[in-house]
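A.B. asks: pasting the structure only:
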């Protein structure tokens, strides 16, 4: 092992004892959601187009909960990860403030809808500040710029012949603000206060109650996009993860499947009773007055909340002016792509919860196809958070307050817990006990303990940065840890690129655990007592250097998830810059290979306690 490591770590000419780590980042081919395909990750490339990542805009009929924070945090980690790769990023989030549910919620509070939305939207901003969500734009659908974008989209669809005035009737869910196809209506029974059995209908998909509605609506010719949508969903690999989400979407399109059921069982075929009908995209203003008026029919109709709400992604991209900053063409320059959207278009990564998948994977791309706009490149779908095996709800008393979690363990530990324990393709289970266990085991006892051990005056008696050892002086224990650390960036980067942050975090923590074992078995504190033995002192300094470099590389890799804590640790480790995600900098000895960043011989700052045990 030592010989293999020495072969990779060759001293630079004229710089005895400094490792040559100037190798360039080799492209990494990693699997993506669609079986048999792969993509190449080139972290050092800097394309002209900014990376565009979005969260859903969150409905303001209730205060933020852990599901909202998880969606925003996942997008935030993607944003930070891309910035570490050297990308410019547009990261948008915000609040969805129009529609019947908001109007009714405001009425229950005896408040005007605008004032009600101000209060709830502020609670989302505050929560995202508390959890260090570093969005570049926070969009509110009550803003004038959004009404302008939604109106422009409507006119574009109408001018292209995709909107017509008709009559719509059917089972309507106020909670979901959507009509439900007959095939998705479920009849249930309950016993009323007088002991009578009463039948009622709910949406099979959401479980919300339905009522029959007949009214004049504007309609979008969604049925015309059945085949284009099917081709896009089955050939683009846009869904991540593709299973278990693709088969239900194909069923909604009436497609005879053959794409599997995502669970290892038999295939899931299309349901022949399901037809992709044209979509109602307006509501009578007499019923829903809180929303964007339909252009040309402002007195009678309000835009359907999902058409209007989905347009928020266009708003933040600068539509319809194409200025790319989402605030209108204030400087008079059009920096967009010729379709009225800015340079960041199309979205590269749209993070959503599975309960709004239909709107984002069927309605949204159909609107864009009809408008002649480029489609999203990836839709990332996550499942719900549950507690004790049950979905969180106020009635069950198991709703998790994110603010209480931050108060208990701190912002970065809470972010770390959600990213480590959260998964995309199944429900994630929240446990307050596990939150505290992870905080202590992974953070306080692992990375925090390692930082304190290798900087202790009992170990680093000189109080200075040791020089990097010659590769030929590495023993097997040194070389094994160095090899692990030098391979870490490639492996973690591949997981982060697939948004498998939990898997990447486990790799980093495993390396830090091995480093703690390395220190424990090497016992540098005993070597420190053998001051008269040059070999013992050389060994001690070698242990300190390799351990500190393990910490540095780990801290760089943990930045997307724990930005504030890792900023402090990297500062304590003397890393002023070179924090970008390049393998050239994420190997043992990289800083000392450059005289401008070498810390050899400089006073060493003792790291502060990063994660106090609660």
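C.D. replies: That came through fine. Values in this document were obtained by computation on a predicted structure and should not be read as measured data.
A.B. asks: could you list the buried residues of the longest helix belonging to the chain?
C.D. replies: Counting residues, the longest helix in the chain under DSSP state H turns out to be helix 534-557. For helix 534-557, the neighbour count (16 or more other C-beta atoms under 10 Å) marks 536-557 as buried. Where C-beta positions appear, they are placed from N, C-alpha and C, glycine not excepted.
A.B. asks: quick one: least confident helix or strand in the chain?
C.D. replies: Sorted by mean pLDDT, DSSP states H and E, the helices and strands of the chain end with strand 28-31, the least confident at a mean of 29.
A.B. asks: for the stretch 501-614 of the chain, give me the ranges with low pLDDT.
C.D. replies: Applying pLDDT under 70 to the stretch 501-614 of the chain picks out residues 577-584, 614.
A.B. asks: who are the packing partners of the helix or strand hosting residue 148?
C.D. replies: Residue 148 belongs to helix 144-159 when elements are defined using DSSP states H and E. For helix 144-159, the contact count by 3 or more C-beta pairs under 8 Å, 6 or more residues apart in numbering; DSSP states H and E identifies helix 305-310, helix 312-316, helix 364-371 as packing neighbours.
A.B. asks: who are the packing partners of the helix or strand following that helix?
C.D. replies: Next in sequence after helix 144-159, counting helices and strands by DSSP H and E, comes strand 163-173. If contacts are counted by 3+ C-beta pairs under 8 Å, 6+ apart, strand 163-173 sits against strand 178-180, strand 197-203, strand 211-220.
A.B. asks: return the most buried member of the ones you listed.
C.D. replies: strand 178-180 (a mean of 21; mean count of other C-beta atoms under 10 Å).
A.B. asks: just checking, next helix/strand downstream of that strand?
C.D. replies: strand 185-191.
A.B. asks: if I look at the closest residue to residue 117 other than its chain neighbours, how far off is residue 114?
C.D. replies: Leaving aside its chain neighbours, residue 117 sits nearest to residue 97 (4.2 Å; criterion: C-beta to C-beta, 6 or more residues apart in numbering). Applying C-beta to C-beta, to the nearest Å, the value for residue 97 to residue 114 is 8 Å.
A.B. asks: ok, now how distant is residue 114 from residue 102?
C.D. replies: For residue 114 relative to residue 102 (C-beta to C-beta), the value is 10 Å.
A.B. asks: which one's more surrounded, those two?
C.D. replies: More crowded of residue 114 and residue 102, by other C-beta atoms under 10 Å: residue 102, with 26 against 11.
A.B. asks: so what does the more buried one look like in phi/psi?
C.D. replies: Main-chain torsions, residue 102, degrees, to the nearest 10: phi -70, psi -40.
A.B. asks: which residues touch it?
C.D. replies: 59, 60, 61, 113, 116, 117, 290 (C-beta atoms under 8 Å, 6 or more residues apart in numbering).
A.B. asks: can you list the buried residues in the host helix or strand of residue 568?
C.D. replies: Here residue 568 sits within helix 563-572, counting by DSSP H and E. Using 16+ other C-beta under 10 Å as the test for burial, helix 563-572 gives 563, 565, 566, 568, 569, 570, 572.
A.B. asks: so what's the residue count around residue 462?
C.D. replies: Residue 462 has 15 neighbours, counted by other C-beta under 10 Å.
A.B. asks: buried ones in the strand or helix carrying residue 107?
C.D. replies: Taking DSSP H and E as the criterion, the element that holds residue 107 is helix 100-108. Buried residues in helix 100-108, counting neighbours by 16+ other C-beta under 10 Å, are found at 100, 101, 102, 103, 105, 106.
A.B. asks: if I look at residue 371, how far off is residue 163?
C.D. replies: Where residue 163 is concerned, residue 371 sits at a distance of 11 Å (C-beta to C-beta).
A.B. asks: so what sits against both of the two?
C.D. replies: residue 157.
A.B. asks: picking up where we left off before, what sits up against the helix holding residue 148?
C.D. replies: Here helix 144-159 makes contact (C-beta under 8 Å, 6+ apart) with 139-141, 163, 220, 292, 294-296, 303, 307-308, 311-312, 314-315, 319-320, 326-328, 340, 367, 370-372.
A.B. asks: any quick PyMOL command for the buried ones out of those?
C.D. replies: Buried members of these, defined by 16+ other C-beta under 10 Å, are picked up in PyMOL with:
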select buried, resi 139+140+141+163+220+292+294+303+307+308+311+312+314+315+319+320+326+340+367+370+371
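A.B. asks: the host helix or strand of residue 124 packs against which elements?
C.D. replies: Element membership of residue 124 [criterion: DSSP H and E] is helix 113-130. Applying 3+ C-beta pairs under 8 Å, 6+ apart, one finds that helix 113-130 contacts helix 66-84, strand 89-96, helix 100-108, strand 137-140, helix 402-409.
A.B. asks: so how far is that helix off the chain centroid?
C.D. replies: Taking the mean of its C-alpha atoms, helix 113-130 sits 21 Å from the chain's own mean (C-alpha atoms, centre = their mean, to the nearest Å).
A.B. asks: and for stretch 213-232?
C.D. replies: Distance of stretch 213-232 from its chain centroid, counting by C-alpha atoms, centre = their mean, is 30 Å.
A.B. asks: what about that stretch, how long is it end to end?
C.D. replies: Distance across stretch 213-232, first residue to last, is 33 Å (C-alpha to C-alpha, to the nearest Å).
A.B. asks: before we move on, the earlier item: tell me which of the helices and strands packed on helix 113-130 lies nearest to residue 348.
C.D. replies: Residue 348 sits nearest to helix 66-84 of all those, at 8.3 Å, using C-beta to C-beta.
A.B. asks: now the closest one: average pLDDT?
C.D. replies: The predicted model gives helix 66-84 an average pLDDT of 96.
A.B. asks: equivalent analysis for stretch 475-482, please.
C.D. replies: Mean pLDDT, computed over stretch 475-482, is 93.
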